[in-house]
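Peer 1: Dropping a prediction and its sequence here:
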Amino acid sequence: MGKADGLLMNLGRHPGVGDWLRRGDVLAVNTGGDLASEPRVVSVLTNPRSVASLAVRHFLDLARQQFAFVGDRRADATKLLQQAMVEELASHGLRLQTYGAEAVYSGTLEDIGSLEEVEPGLVRLLQEARKPLALLAQTDRYAAAICRVVELLGLAIPEDVAVVGVHDTKMARLFTPPISSIRPAHQLIGYQAARLLHRQLHGERLARRIVLLPALELVERESTIQRPRAEQTDVKWSLDYIREHVTDGIGIKHVADHVHIPRGTFQAEFAAAVGHTVG
């Protein structure tokens, strides 16, 4: 609207974004990799090689030898992370199968109701890949969609397909099964983006248009680590109960009573499996 001197944003690669930025003639810093090829934008993002390194190390620790990657085919971030995975696996003498999705997934159950709604190429990848398969998804949203497709195909997570997402969002922690995810340095990315925009607003020409920051860690959850069956069932029952009754005024005691476990034991099991407290 012509009222901004500079713009901090997190925009994906959508039609017209580049033209919109050029028309506005506004200094912009994007906190992600989807516009890394856009010359008008400075991008601050997680180093794709650090993500690939954490994912491959985790999968190799699980003795996986078959690898796949799924992301948004339009996004620059997909190309960067896919290439990083190819290079990281090549250093171990391993190869990567890839799929660029047309769909933009939200990570909710509304994304996929049946296999007929899934892109045939994605179905073929998951059906035909040798098992057990280790799969890195571009984001937690794509990881959730992959888990849904795996379930519809009658395959087991993580026995047949182990899935890792990126961003360590609340979605990854609350999904069934909870999704292993790589945690970026979110606060540092935001700080560096604001700092770079501030420098540009003061007339400084930046030496680098892309700033890479290493990922912090891979948080292990049930999409890659098989929990003891009793604990897995209790936590799944509790998550299902919460989803069904979240607007009914329930508390922790109601959930613990539903799964027939003492409250203290239940809270400890839940936190260990999901990554945060039941509260």
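Peer 2: Cool, the structure landed.
Peer 1: what residue ranges in the stretch 101-250 of the chain score low on pLDDT?
Peer 2: 109, 227-232 (pLDDT under 70).
Peer 1: tell me, how many neighbours does A4 end up with?
Peer 2: Using other Cβ atoms under 10 Å, the number of residues around A4 comes to 11. No exception for glycine: its C-beta is placed from N, CA and C like everyone else's.
Peer 1: which residues touch it?
Peer 2: G24, V26 (Cβ atoms under 8 Å, 6 or more residues apart in numbering).
Peer 1: let's see 6 Å
Peer 2: V26 (Cβ atoms under 6 Å, 6 or more residues apart in numbering).
Peer 1: L201 versus that one, what's the distance?
Peer 2: Look at A4 and L201: by Cβ to Cβ, to the nearest Å, they are 11 Å apart.
Peer 1: What of A75?
Peer 2: With distances defined as Cβ to Cβ, the gap from A75 to L201 amounts to 27 Å.
Peer 1: more neighbours, these two?
Peer 2: Taking other Cβ under 10 Å, A75 and L201 do not tie; A75 has more neighbours (22 against 11).
Peer 1: quick one: buried residues of stretch 142-157?
Peer 2: Y142, A143, A144, A145, I146, C147, R148, V149, V150, L152, L155, I157 (16 or more other Cβ atoms under 10 Å).
Peer 1: Please work out which residues outside that stretch touch it.
Peer 2: Here stretch 142-157 makes contact (Cβ under 6 Å, 6+ apart) with 70, 105, 107, 111-112, 115, 118, 126, 137, 161, 163, 165, 175, 177, 179, 223.
Peer 1: Can you flag the buried ones in the residues you listed?
Peer 2: Looks like the contacts of stretch 142-157 have 70, 105, 107, 111-112, 118, 126, 137, 161, 163, 165, 175, 177, 179, 223 buried, using 16+ other Cβ under 10 Å.
Peer 1: Filter those down to the ones in strands?
Peer 2: V70, A137, V161, V163, G165 (DSSP state E).
Peer 1: Name whatever forms a beta bridge with the fourth one.
Peer 2: Residues found in beta-bridge contact with V163 (criterion: DSSP bridges) are L135.
Peer 1: isn't it right next to S223, touching?
Peer 2: Yes. Taking Cβ atoms under 6 Å as the definition, V163 is a contact partner of S223 at 4.4 Å.
Peer 1: Run through the helices of the stretch 1-150 of the chain in chain order.
Peer 2: Taking DSSP state H, counting those that start in this stretch as the test, the helices found in the stretch 1-150 of the chain are 17-24, 48-61, 76-90, 120-128, 140-152.
Peer 1: Need the residues that contact the shortest one.
Peer 2: Contacts made with helix 17-24 from outside it, assessed by Cβ under 6 Å, 6+ apart, are listed as L11, A28, E38, R40.
Peer 1: and what of the second one?
Peer 2: Surrounding helix 48-61, the residues in contact under the criterion Cβ under 6 Å, 6+ apart are 80-81, 84-85, 88, 134, 136, 164, 166, 182, 214-215, 218.
Peer 1: Any chance of TSV for these, columns distance to R49?
Peer 2: Shown next, in TSV, are the contacts of helix 48-61 (distance: Cβ to Cβ, whole Å):
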residue	distance to R49
L80	9
L81	9
A84	5
M85	9
E88	7
A134	18
L136	13
V164	15
V166	13
I182	12
P214	9
A215	9
L218	14
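Peer 1: top of those by neighbour count?
Peer 2: L136 (31 neighbours).
Peer 1: what's the closest non-adjacent residue to it?
Peer 2: A55 (4.7 Å; Cβ to Cβ, 6 or more residues apart in numbering).
Peer 1: Next, count neighbours for that neighbour.
Peer 2: A55: 29 surrounding residues under other Cβ under 10 Å.
Peer 1: The one 10 residues further on now?
Peer 2: Here the number of neighbours of Q65 (other Cβ under 10 Å) works out to 14.
Peer 1: do the same with P120
Peer 2: By other Cβ under 10 Å, 9 other residues sit near P120.
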